[in-house]
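1. Starting from these lines, generate the structure:
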Amino acid sequence: MRAKAQTIISAQRSRGLDTQSSFLRRIGGIFPLVGPLVFGSLVEVEERAIAIEARGFTSTRAKTSLHDIPDTSMDKGIRWMLIALVIISIALRLWLS
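-> Take a look at the predicted model:
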């Protein structure tokens, strides 16, 4: 919020708003600063709420994956063969060097 407020203050200064003079003039200059800050914050909150709703964070159902891929015996065999191949490769690398 603070960074956004500083950006709005800088933008209003570039448009000629007096923010560094007497107290009464600064009070009169608050309204052009507060309007965009509040409106921008409300827009951001609404956008975040829509994004959260679209991603299903408020759903009461259990979270599931899109596809359940079964692990076949062939997959397990290939996995164990690759693990053995890595171990053999490391052993050969250490033995030959």
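
2. Can you find the helix or strand in the chain with the smallest mean pLDDT?
-> Least confident helix or strand, the chain: helix 23-28 with a mean of 70, by mean pLDDT, DSSP states H and E.

3. downstream neighbour of that helix in the secondary structure list?
-> Scanning forward in sequence from helix 23-28 by DSSP states H and E, the next helix or strand is helix 30-54.

4. Show me what the helix or strand following that next one is packed up against.
-> Following helix 30-54 in sequence order, the next helix or strand is helix 73-96 (DSSP H and E). Contacts defined by 3 or more Cβ pairs under 8 Å, 6 or more residues apart in numbering; DSSP states H and E place helix 73-96 against no helix or strand at all. In this view, the C-beta of every residue, glycine as well, is placed from N, C-alpha and C.

5. Off-centre distance for helix 73-96?
-> Here the centre of helix 73-96 is set off from its chain's centre by 39 Å, with Cα atoms, centre = their mean, to the nearest Å.

6. Could you list the low-pLDDT ranges of this protein?
-> Scanning the chain for pLDDT under 70 picks out the ranges 17-21, 25-26, 29.

7. So which residue is smack in the middle of it?
-> What sits nearest the mean C-alpha location of the chain, by Cα atoms, centre = their mean, is Arg48, with 10.3 Å.

8. ok, that one to Ile8 distance?
-> Distance, Arg48 to Ile8, using Cβ to Cβ, to the nearest Å: 20 Å.

9. Leu96 now?
-> Per Cβ to Cβ, Leu96 is found 67 Å from Ile8.

10. neighbour count winner among those two?
-> Neighbour tally, Leu96 and Ile8, criterion other Cβ atoms under 10 Å: the higher count belongs to Ile8, 17 against 6.

11. hang on, that one packs against Gly35?
-> No - at 9.1 Å, Ile8 does not count as touching Gly35 under the criterion of Cβ atoms under 8 Å.

12. burial measure for Leu77, as a count.
-> Quick fix: residue 77 is Gly, not Leu. 10.

13. no no, Ile9
-> 16.

14. Tell me the helices and strands packed up against the helix or strand harbouring it.
-> For Ile9, the host element (DSSP H and E) is helix 2-14. Using 3+ Cβ pairs under 8 Å, 6+ apart, the elements in contact with helix 2-14 are helix 30-54.
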